[in-house]
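Visitor: sequence and predicted structure, then a few things I'm wondering about:
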Amino acid sequence: VALRMQRQKRLRGEDAPRLWAVLDEGALKRPIGGPEVMREQFEHLIQMSRLPNVTVQVMPFKFGGHAAEGGAFSILRFPDQDLPDVVYVENLTGAMYLDKRDDVDAYLQAMERLCVDSATPERTVELLGEYLRET
């Protein structure tokens, strides 16, 4: 928890990294921790999405299958052009860092498709507000 809180502070600090997150609606609709926890989560996502370095999008149920059906992943990009992109994938028993160009390119294409197919950042804030009111 301390590490996660530290990362959240980093998003608000000077030279904050850029974060672009696409969240599946299923992850937002699954009630974990009860209504109060869910309300706090929606409020937090709305607040974070207002930061200039943070973009949040929701992949709605109505879209059906999507490019990340295989599970969650993170693409790590670095400001130094000499450092290649890396994909971080968690699984049940551990995690993998993928750095082969073909692997990274496949995930970059999937992320691009997710961003195009998901609700816009503006619509995402509206959706999060709707989820908050429903909770």
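Guide: All right, it came through fine. Residues are numbered from 1 along each chain as shown.
Visitor: count of neighbours near residue 82?
Guide: Using other C-beta atoms under 10 Å, residue 82 has 5 other residues around it. Where C-beta positions appear, they are placed from N, C-alpha and C, glycine not excepted.
Visitor: mind checking the SS state of it?
Guide: coil (DSSP: H, G, I helix; E, B strand; the rest coil).
Visitor: contacting residues around it?
Guide: Listed by C-beta atoms under 8 Å, 6 or more residues apart in numbering, residue 82 has no contact partners.
Visitor: how far away is it from residue 75?
Guide: For residue 82, the distance to residue 75 equals 17 Å [C-beta to C-beta, to the nearest Å].
Visitor: strands of this structure, start to end?
Guide: Assigned by DSSP state E, the strands in the chain fall at 19-24, 54-59, 74-76, 86-91, 94-98.
Visitor: name the nearest residue to residue 111, sequence neighbours excluded.
Guide: Leaving out its chain neighbours, the residue that sits closest to residue 111 by C-beta to C-beta, 6 or more residues apart in numbering is residue 75, at 5.9 Å.
Visitor: tell me the bridge partners for the one you found.
Guide: residue 87 (DSSP bridges).
Visitor: check contacts around residue 74.
Guide: 87, 88, 89.
Visitor: pLDDT score for it?
Guide: For residue 74, the pLDDT comes out at 94.
Visitor: just the strands of the chain: most buried one?
Guide: Among the strands of the chain, strand 54-59 has the highest mean neighbour count (mean count of other C-beta atoms under 10 Å), at a mean of 21.
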